[in-house]
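**Q** could you look at this predicted model? Sequence included:
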Amino acid sequence: MIQLTPSDQCPYMNTAVGEKYDVIVIGGGPAGATISALLADAGKSVLLLERGLTPRFHVGESLLPKCYPTLKRLGLLDRMKASAYPKKFSVQFVTDMGKVTQPFYFDEYIPHESSQTWQVERGDFDQMLMARAAELGATLRSNAHVMDILFEGDRATGVKVKLKSASGADEVKQISSKVVVDASGQSAMIANRLGVKKSDPRLQKGTVWGYFENALRDPGRDEGATIIMQTPGKKSWFWYIPLSNNIVSVGCTGSMRYMFGDSNLSAPEVFARELAKCEEMQRRLEPATQFGDFKSTRDFSYRSGKTAGDGWVLIGDAFGFIDPVYSSGVLLAMASAEMATDAILDGFSTGDLSGKQLGRWNESYAAGLENFKKLVYAFYTPGFSFGEFFMKYPDYRNHMTDILMGDVFKPGVDEIFAKMGEVIPPSDLEPEPEMAEM
Ligand SMILES: Cc1cc2nc3c(=O)[nH]c(=O)nc-3n(C[C@H](O)[C@H](O)[C@H](O)COP(=O)(O)OP(=O)(O)OC[C@H]3O[C@@H](n4cnc5c(N)ncnc54)[C@H](O)[C@@H]3O)c2cc1C
């Protein structure tokens, strides 16, 4: 059964913590666990501090095929293949007119095992990544709330952390390191502290989601597909992500004003209001039973104005998050962790742990991020139809498949946006020049 509450079987809650490390990583999500594993494997002393008890619940269950190279580098492919996670071969869209469109099958495009990915239960998946970091030599400590980053001038020198012991007593400790990696997710500790976190005014969205048992699934290789269903007038859209144990994650996203403008409505009422507009989702949930609480979140699209400074670097959601529609979060968390690992290791070898060195991957990463973002803007553009676009420009379906698979760093993948600019005002595909300060 899906882990909706933190476990009391947390394996890292009593780990002894030293005074000094090469690298301190804040947060044990996919970004923090990946970078801890890779740096420890390269011989660095790494301390990962996670404020929660693990495994802990987290939304974001659908992976993209391009997670494959990172999972391989982590030595986790065999564990993924042996897992009970449903295999995801495709993503499918249902339009706002209720038309069920042809799935994007990744293996028709790249006939290699890497084009298949998985739908994961995040408490379990993140725990597997953390366990790998521990196997490779990182020190992991959960129930460890980082309260502040320590700086000498502009250089980060460590953290101040509150460690809860098994007896419940708190110990506040200062621990030093040559590099601090902020992988604190939406807490975005450093970006908030520096006041450089900027929200995306075009993506002020809110989401309500829940878990269902026994919903209708498609047969065969479509069984593990992500399905995105828009409601009439593109007012909102649903995700349908099949998990193991016959459970499905179902969420609905729309503008914050549309979703939560009526403050009298509870999260289940908002979900029910939108479900009444989506026949395809009604059909799939008809035999299903919902369990646990509905959850909601809002205003999650932002990015930091800086990637790195002397002795510190931001990865994953601590740097930025776009939108849930293309399931890009875990891929970007792991990709940024990998890019930052290489920059940090080179920095240690040359003795250069400046912001310029630690953030040297920023430009190519930001370009990949922009590719996801433009496709998100197109998805939300009123009147724009991907179906009509591909009817007119069939050659560009490959570019779309690249992005849906997470291959956003591939040269030339952005050519699709020049074409889209012929049917959507090009300015609608560009981010606002200055995103609003948060
Ligand atoms: C509604 C919604 C749906 C989504 N669906 C998908 C999806 O289907 N597929 C997908 O790939 N992505 C999805 N995402 C995005 C995905 O969840 C995130 O992008 C991903 O979890 C980012 O990983 P991360 O490691 O950067 O951060 P997180 O996974 O959030 O990890 C950050 C960790 O830092 C810890 N932390 C925070 N502050 C502190 C502190 N002060 N001290 C110590 N620890 C701290 C937190 O407890 C947490 O464990 C979705 C996001 C939303 C909002």
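**A** Now that the structure is in, tell me what you want to look at.
**Q** and the protein, which residues reach the ligand?
**A** 26-32, 49-52, 58-62, 145-146, 183-187, 189, 207, 251, 297, 300, 316-318, 321, 324, 327, 329-331, 333 (CB under 6 Å from any ligand atom). Backbone N, C-alpha and C define where each C-beta goes, glycine included.
**Q** buried ones among these?
**A** For these, a burial check counting by 16 or more other CB atoms under 10 Å picks out 26-32, 49-52, 58, 60-62, 145-146, 183-185, 187, 189, 207, 251, 300, 316-318, 321, 324, 327, 329-331, 333.
**Q** show me those residues that map onto helices.
**A** The members of these that map onto helices under DSSP state H are 30-32, 189, 329-331, 333.
**Q** can I get the CA coordinates of the strand or helix carrying residue 368 in PDB?
**A** Residue 368 is part of helix 362-380, with elements assigned from DSSP states H and E. Extracted C-alpha coordinates of helix 362-380, given in PDB (Å, rounded to 0.1, in the frame of the first residue of the first chain):
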ATOM      1  CA  ASN A 362      23.800  26.400 -15.700                       C
ATOM      2  CA  GLU A 363      23.500  27.500 -19.300                       C
ATOM      3  CA  SER A 364      22.900  24.100 -20.800                       C
ATOM      4  CA  TYR A 365      20.600  23.100 -18.000                       C
ATOM      5  CA  ALA A 366      18.600  26.300 -18.300                       C
ATOM      6  CA  ALA A 367      18.200  25.700 -22.100                       C
ATOM      7  CA  GLY A 368      16.800  22.200 -21.300                       C
ATOM      8  CA  LEU A 369      14.400  23.700 -18.800                       C
ATOM      9  CA  GLU A 370      13.200  26.200 -21.300                       C
ATOM     10  CA  ASN A 371      12.300  23.400 -23.700                       C
ATOM     11  CA  PHE A 372      10.000  21.900 -21.100                       C
ATOM     12  CA  LYS A 373       8.600  25.300 -20.200                       C
ATOM     13  CA  LYS A 374       7.700  26.300 -23.800                       C
ATOM     14  CA  LEU A 375       5.900  23.000 -24.300                       C
ATOM     15  CA  VAL A 376       4.000  23.700 -21.000                       C
ATOM     16  CA  TYR A 377       3.100  27.200 -22.300                       C
ATOM     17  CA  ALA A 378       1.800  25.600 -25.500                       C
ATOM     18  CA  PHE A 379      -0.200  23.100 -23.600                       C
ATOM     19  CA  TYR A 380      -2.000  25.900 -21.700                       C
END
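**Q** and it, what does it pack onto?
**A** helix 329-350, helix 397-405, helix 415-420 (3 or more CB pairs under 8 Å, 6 or more residues apart in numbering; DSSP states H and E).
**Q** could you point out which element follows it?
**A** That would be, after helix 362-380 and using DSSP H and E, helix 386-392.
**Q** how far is that next one from where the chain is centred?
**A** Remark: helix 386-392 is offset 28 Å from the chain centroid, using CA atoms, centre = their mean, to the nearest Å.
**Q** before we move on, back to that, how about the helices and strands packed on helix 362-380 in a markdown table, adding mean pLDDT and distance to residue 81?
**A** As requested, these are arranged in a markdown table below (pLDDT from 0 to 100; distance: least, CB to CB, whole Å):
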| stretch | mean pLDDT | distance to residue 81 |
| --- | --- | --- |
| helix 329-350 | 98 | 17 |
| helix 397-405 | 95 | 18 |
| helix 415-420 | 94 | 32 |
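**Q** ranking the ones you listed by burial, who's on top?
**A** helix 329-350 (a mean of 23; mean count of other CB atoms under 10 Å).
**Q** tell me the angle of that one relative to helix 362-380?
**A** Counting by axes from the mean of the first three to the mean of the last three CA atoms, to 10 degrees, helix 329-350 lies at 170 degrees to helix 362-380.
**Q** got the CA coordinates for the very next helix or strand once past helix 329-350 in PDB?
**A** Sequence-wise, the next helix or strand downstream of helix 329-350 (DSSP H and E) is helix 355-358. Extracted C-alpha coordinates of helix 355-358, given in PDB (Å, rounded to 0.1, in the frame of the first residue of the first chain):
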ATOM      1  CA  GLY A 355      30.300  30.000  -7.900                       C
ATOM      2  CA  LYS A 356      31.500  30.200 -11.400                       C
ATOM      3  CA  GLN A 357      32.900  26.600 -11.300                       C
ATOM      4  CA  LEU A 358      30.100  25.000  -9.300                       C
END
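**Q** can you offset everything so residue one is 18?
**A** Got it, the first residue is 18 from now on, which makes the last one we talked about helix 372-375.
**Q** which strands and helices lie in contact with helix 372-375?
**A** With contacts defined as 3+ CB pairs under 8 Å, 6+ apart, the packing partners of helix 372-375 are strand 325-326, strand 329-331, helix 346-367.
**Q** so which residue of this protein lies furthest out from the middle?
**A** residue 184 (33.7 Å; CA atoms, centre = their mean).
**Q** which residues does that residue contact?
**A** Listed by CB atoms under 8 Å, 6 or more residues apart in numbering, the contact set of residue 184 is empty.
**Q** now residue 388
**A** By CB under 8 Å, 6+ apart, the neighbours of residue 388 are 420, 425, 430-431, 434.
**Q** list the buried residues of stretch 257-268.
**A** Buried, per 16+ other CB under 10 Å, within stretch 257-268: 257-261, 264-268.
**Q** again with stretch 371-389
**A** Buried residues in stretch 371-389 (16+ other CB under 10 Å): 372, 374-379, 382, 385-389.
**Q** can you check stretch 393-412 too?
**A** Across stretch 393-412, burial judged by 16+ other CB under 10 Å covers 393-398, 401, 403, 406.
**Q** kindly report the same for stretch 210-218.
**A** Buried residues in stretch 210-218, counted by 16+ other CB under 10 Å: 211, 213-217.
**Q** export those as CSV, with columns for pLDDT and secondary structure.
**A** Output for the buried residues of stretch 210-218, formatted as CSV (pLDDT from 0 to 100; DSSP: H, G, I helix; E, B strand; the rest coil):
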residue, pLDDT, secondary structure
211, 94, helix
213, 95, coil
214, 94, strand
215, 94, strand
216, 93, strand
217, 93, coil
